[in-house]
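Engineer: coords below, sequence missing:
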């Protein structure tokens, strides 16, 4: 079966925003800064329009790596409709310190409330720096839709 036609930058950006607003889970890839050992785990997330909010135990490999290196790669979607996000930790804080409204939104959206999981959980706000998306080989060209934290199609992403 032939691949569907390649999407425009505008359509890719709209599709990505839809995923960020409607998907619940993603893959989180980090690396130990000392050894370089990679670690990947699925986590639930919340997108507020600017940052991706994650929660995990501070003592977990992901939590330790995020606090130490502040760098992360996130994967959303299927292998034939993928969104890859390179980002940095903009802010990290204990689960008990999240604003009530945001904590409630996260819990409602993900079905998981880190505030009830003990004091070891932290929230991490991930600021996207680069986003790439593609479905098939014909979308590899032009797959970057965000560079240096700026959407390339500002008309779609303007508030």
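Structural biologist: Cool, the structure landed. The shown structure was predicted, so the numbers you read here are calculated from the model rather than taken from an experiment.
Engineer: residues touching residue 29, list them.
Structural biologist: 38-40, 72-75 (CB atoms under 8 Å, 6 or more residues apart in numbering). For the C-beta atoms, the positions are set from N, CA and C on the backbone; glycine is no exception.
Engineer: if you look at these, which of them are in strands?
Structural biologist: 38-40, 72-75 (DSSP state E).
Engineer: And the residues you listed, which of them are buried?
Structural biologist: Buried members of those, counted by 16 or more other CB atoms under 10 Å: 72-75.
Engineer: now those in JSON lines, with distance to residue 5 and pLDDT?
Structural biologist: Putting these into JSON lines (distance: CB to CB, whole Å; pLDDT from 0 to 100) gives the following:
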{"residue": "72", "distance to residue 5": "32", "pLDDT": "98"}
{"residue": "73", "distance to residue 5": "28", "pLDDT": "98"}
{"residue": "74", "distance to residue 5": "27", "pLDDT": "98"}
{"residue": "75", "distance to residue 5": "24", "pLDDT": "98"}
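Engineer: which one among the residues you listed gets closest to residue 45?
Structural biologist: residue 74 (7.9 Å; CB to CB).
Engineer: rewinding a little: what's the closest of the buried ones among the ones in strands among the contacts of residue 29 to residue 26?
Structural biologist: Nearest member of these to residue 26, counting by CB to CB, is residue 74, at 5.0 Å.
Engineer: How about the closest one, nearest residue that isn't a chain neighbour?
Structural biologist: The spatially closest residue to residue 74, leaving aside those adjacent along the chain, is residue 85, at 4.1 Å (CB to CB, 6 or more residues apart in numbering).
Engineer: correct me, but the one you found touches residue 76?
Structural biologist: Yes: contact criterion CB atoms under 8 Å: residue 85 and residue 76 qualify, at 7.2 Å.
Engineer: list the contacts for the residue nearest to residue 112 when sequence neighbours are not counted?
Structural biologist: Spatial nearest neighbour of residue 112, chain neighbours left out: residue 44 (5.5 Å); criterion: CB to CB, 6+ apart. Residue 44 is in contact with 24-25, 54-55, 109-112, counting by CB under 8 Å, 6+ apart.
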